[in-house]
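Undergrad: Have a look; sequence and predicted model below, questions after that.
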Amino acid sequence: MELRKFRNKFDLELIPASHENIILGTLVWDPIIGKPKLEHKGMPDNIFNSFLDADLIIETKWEEYMKDLKREKIVDAHMAESTVNFDAGIAITLKNPTIVKIQNNFELKKVTKFSFGDLEVRTMSNLMRIRIDSFLEILKINKWDSYDGKIRRIYMITELYYGSIKLITNTAWKNEFDITISNSNLNLKNSTDFGNAVEYTFDHNNVPFAMRIEKVKDFNG
């Protein structure tokens, strides 16, 4: 599957440079052309950072709300497909920690198939949505400069998707790949030998691969 097809089919965005510290409420710059970015000049890291900067909440409340975002449970995604397959070349473009470790010791061009399976999701609760919406309304009325100048035009993560990383390579590269796994301290869940090919499955390690984003100005609790 190509990136555009993935976006159109699931209404989700792949996370170009993912890590375990990406949480719900993280703000995203989504340019007209190019990949979404988790960093942009003048853009807060998280929606609650903007509320703290605007003096709507005190630091202890900010810490409490950030912990609440991290506590949202990861559950089965219940998607129509249990595995999302991508063109093997896409693996090279993603800066997922597991993929980076593999790439440092193994040519990803030798990977014939790449996918995310056993899909799970972490979703922003209705209570958290209402809380954020209430603060946004206060910003619009009393702190327009903080709202319009910093967050109105950007997006916010409301769902994070996780999946086991599955890679298939020809058996000719099995020994080399096994050495890569051993040397890279990777969390291998299992491997399946199909005779002429081997499938390796790695745990997601709480690192999301995709996100659902909503524009802040259209956000509704």
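TA: Okay, I see it. Residues are numbered from 1 along each chain as shown.
Undergrad: check contacts around the closest residue to residue 196 other than its chain neighbours.
TA: In space, residue 196 comes closest to residue 171 once its chain neighbours are excluded; the distance is 5.8 Å by CB to CB, 6 or more residues apart in numbering. (Glycine included, C-beta is placed from N, CA and C.) Neighbouring residues of residue 171 by CB atoms under 8 Å, 6 or more residues apart in numbering: 193, 195-198.
Undergrad: if you set the cut-off to 10 Å instead, what comes out?
TA: Applying CB atoms under 10 Å, 6 or more residues apart in numbering to residue 171 gives the contacts 177, 193-198.
Undergrad: now residue 78
TA: Residue 78 neighbours (CB under 10 Å, 6+ apart): 119-121.
Undergrad: separation between it and residue 120?
TA: Computed as CB to CB, to the nearest Å, the residue 78 to residue 120 distance reads 10 Å.
Undergrad: Repeat that for residue 178.
TA: The gap separating residue 178 from residue 120 is 27 Å, by CB to CB.
Undergrad: Which one's more surrounded, those two?
TA: Per other CB atoms under 10 Å, whichever of residue 178 and residue 120 has more neighbours is residue 120, with 18 against 14.
Undergrad: Now find how far off-centre the helix or strand that contains that one is within its chain.
TA: According to DSSP states H and E, residue 120 maps onto strand 111-123. Averaging C-alpha positions (CA atoms, centre = their mean, to the nearest Å) puts strand 111-123 11 Å from its chain's average.
Undergrad: try stretch 49-68
TA: Counting by CA atoms, centre = their mean, stretch 49-68 is centred 23 Å from the centre of its parent chain.
Undergrad: quick one: buried residues of the lengthiest helix in the chain?
TA: In the chain, with assignment by DSSP state H, the single longest helix is helix 126-142. By 16 or more other CB atoms under 10 Å, the buried positions in helix 126-142 come out as 128-129, 131-132, 135-136, 139.
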